[in-house]
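[1] let me see the structure of the following:
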Amino acid sequence: MSYDVIAKLRTRPGANTSYDNGRKLAEALEIPWAEGAQEHGLEVVKGEPTVSIGVYDIEASAGGGASVMSEAVVGAVALPSWYVSQFTRSSGGDLFVVAVKGDSMEPTLEDGDLVMADKQKRDPRYGGVYVIREDNALLVKRLAPVSQQGAVRVISDNREIYAAVERKADEIDVIGRVVWRGGKL
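    Have a look, this model is predicted:
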């Protein structure tokens, strides 16, 4: 470990270093170190504030519908607060991540993409892509208001294969608006 790294840690409050350097420093100072230090309540890396977003073990179908048997949080994604604030003002508790299954939202969303939705943004009058529940199926679709009071157009971006349909607002449950997507290049 270089002298510069040690000097930075000693002289700059809030400074951080890599996991490996932290492990080496703990070993040199004879401080106990565990590979899973975070699981034991220790904060290994101090840095920018993050937002923790729950990842659910379900898929939102971009096709015919994915049956929802259970909605269990299987993990979390931690993103820097400044980054999350670029696309939503909501807190981590209002955000969730699910996988996309199917081709009906291509080219916007591909099979296997991850989407983050915001539970605070549930009004389809503003349009956009939403995670919705229809019957017992979880879907990711584009929603647009129609002129009829209380009606919503449910649109697949892959319009060559999937036709848009109109639903009464009480026929669907809007879970949240998609505010971010991630996927394979």
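[2] so where do the strands sit in this protein?
    Under the criterion DSSP state E, strands of the chain are mapped to 50-61, 66-67, 73-80, 95-101, 114-118, 128-134, 137-145, 151-155, 165-168, 173-182.
[3] tell me the contacts of the nearest residue to residue 181 once chain neighbours are set aside?
    Once flanking residues are discounted, residue 181 sits nearest to residue 115: 5.0 Å by C-beta to C-beta, 6 or more residues apart in numbering. For the C-beta atoms, the positions are set from N, CA and C on the backbone; glycine is no exception. With contact taken as C-beta atoms under 8 Å, 6 or more residues apart in numbering, residue 115 is in contact with 60, 97-100, 109, 129, 131, 140, 178, 180-182.
[4] could you do residue 120 as well?
    Residues near residue 120 by C-beta under 8 Å, 6+ apart: 88, 90, 94, 176.
[5] tabulate the contacts of residue 115 (TSV), appending distance to residue 166.
    Shown next, in TSV, are the contacts of residue 115 (distance: C-beta to C-beta, whole Å):
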residue	distance to residue 166
60	20
97	29
98	25
99	27
100	23
109	22
129	17
131	19
140	18
178	21
180	28
181	26
182	31
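[6] and residue 91, how many residues sit next to it?
    Residue 91 is surrounded by 14 other residues when neighbours are defined as other C-beta atoms under 10 Å.
[7] surely it and residue 51 touch.
    Yes: taking C-beta atoms under 8 Å as the definition, residue 91 is a contact partner of residue 51 at 7.1 Å.
[8] and the contacts of residue 120, which is closest to residue 104?
    Comparing the contacts of residue 120 against residue 104 with C-beta to C-beta places residue 176 closest, at 18.6 Å.
[9] so the closest one touches residue 98, yeah?
    No: the pair residue 176 and residue 98 does not pass the contact test of C-beta under 8 Å, sitting 9.7 Å apart.
[10] shared neighbours of these two, anything?
    By the contact definition C-beta under 8 Å, 6+ apart, residue 176 and residue 98 are jointly contacted by 117, 131.
[11] and the spatially closest residue to residue 73 that is not a sequence neighbour, what does it touch?
    The spatially closest residue to residue 73, leaving aside those adjacent along the chain, is residue 54, at 4.4 Å (C-beta to C-beta, 6+ apart). With C-beta under 8 Å, 6+ apart as the criterion, the residues that contact residue 54 are 73, 75, 76, 92, 95, 96, 97.
[12] neighbours of the fifth one, how many?
    Right, the one you point to is residue 95. For residue 95, using other C-beta under 10 Å, the count is 24.
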